[in-house]
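A.B. asks: quick one: sequence plus predicted model below, questions after.
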Amino acid sequence: NAGVTQTPKFQVLKTGQSMTLQCAQDMNHEYMSWYRQDPGMGLRLIHYSVGAGITDQGEVPNGYNVSRSTTEDFPLRLLSAAPSQTSVYFCASSYRTGANSEAFFGQGTRLTVV
Amino acid sequence: GENVEQHPSTLSVQEGDSAVIKCTYSDSASNYFPWYKQELGKRPQLIIDIRSNVGEKKDQRIAVTLNKTAKHFSLHITETQPEDSAVYFCAASMADSWGKLQFGAGTQVVVTP
């Protein structure tokens, strides 16, 4: 199993450009989520999904869209990049049990908006 | 919503000494408390977790304690080694909030030989 795979690993965007960060998992996990990591602020939840066709907003959703058409894929779209979106982005997945369970993270995407 | 505070932000210890990181949470409905370790340039990885029906859990040199009344939980690392140097994050999650984790700001641990 590859686990959680994110592409690209690095990206530089100009202000106003749009792009999609890709995330795929091969563990048949129901739950997938996107976090951004900024210095001194830990990881903050952007959007999450509890299954195909179901998404919801997290703590910092503005400027981002998501969709979940399959169990495996959960892409994050930046609509119009801003310098404030410069960050490291992590996708995570976890399986559904009777209680919360371990989140498996992708290797991250380092995004710079100039 | 849930708010998690983590202290200290940096921690320097001598090899062989113990390290303790403390977190507090705000929502009494939280019932799952994982700890993640992140090495430089790498992804966060789970090192230990605890659920609200348990007061303490150990795994070799790592232990986590939970005080539900005071709403705080702590990570204890004994006999620290240089490979323990990393950023450690605590997190909290509420029942039925499937996969939604509220993270603390992180603690940079440096173990000096």
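C.D. replies: That came through fine.
A.B. asks: list phi and psi for the closest residue to B:Q14 other than its chain neighbours.
C.D. replies: Spatial nearest neighbour of B:Q14, chain neighbours left out: B:T112 (5.9 Å); criterion: CB to CB, 6 or more residues apart in numbering or on different chains. Heads up, the C-betas are built off the backbone N, CA and C, glycines and all. Here is the backbone geometry of B:T112 (degrees, to the nearest 10): phi -100, psi 130.
A.B. asks: taking chain B, what residue is nearest to chain A?
C.D. replies: Residue nearest to chain A within chain B: B:G99 (3.3 Å; CB to the nearest CB).
A.B. asks: contact partners for that residue?
C.D. replies: Contacts for B:G99 (CB atoms under 8 Å, 6 or more residues apart in numbering or on different chains) come out as A:Y31, A:M32, A:S33, A:Y48, A:V50, A:A92, A:S93, A:S94, A:N100, A:A103, B:S93.
A.B. asks: can you give me the neighbour number for the third one?
C.D. replies: A count of nearby residues for A:S33, using other CB atoms under 10 Å in any protein chain shown, gives 28.
A.B. asks: what does the fourth one give?
C.D. replies: Neighbour count of A:Y48, defined by other CB under 10 Å: 25.
A.B. asks: that one should be in a strand, yeah?
C.D. replies: Yes. Assessed with DSSP: H, G, I helix; E, B strand; the rest coil, A:Y48 lies in a strand.
A.B. asks: using the three-state scheme, assign the closest residue in space to it that isn't next to it in sequence.
C.D. replies: Excluding the flanking residues, the one nearest A:Y48 by CB to CB, 6+ apart is A:S33, at 3.8 Å. Using three-state DSSP, the structure places A:S33 in strand.
A.B. asks: partner residues bridging A:S33?
C.D. replies: A:Y48, A:A92 (DSSP bridges).
A.B. asks: wait, it touches A:L43, no?
C.D. replies: No. Counting by CB atoms under 8 Å, A:S33 does not reach A:L43; the two are 9.7 Å apart.
A.B. asks: need the residues touching each of those two.
C.D. replies: B:L101.
A.B. asks: if anything else comes up later, I'll come back, but that's it for now.
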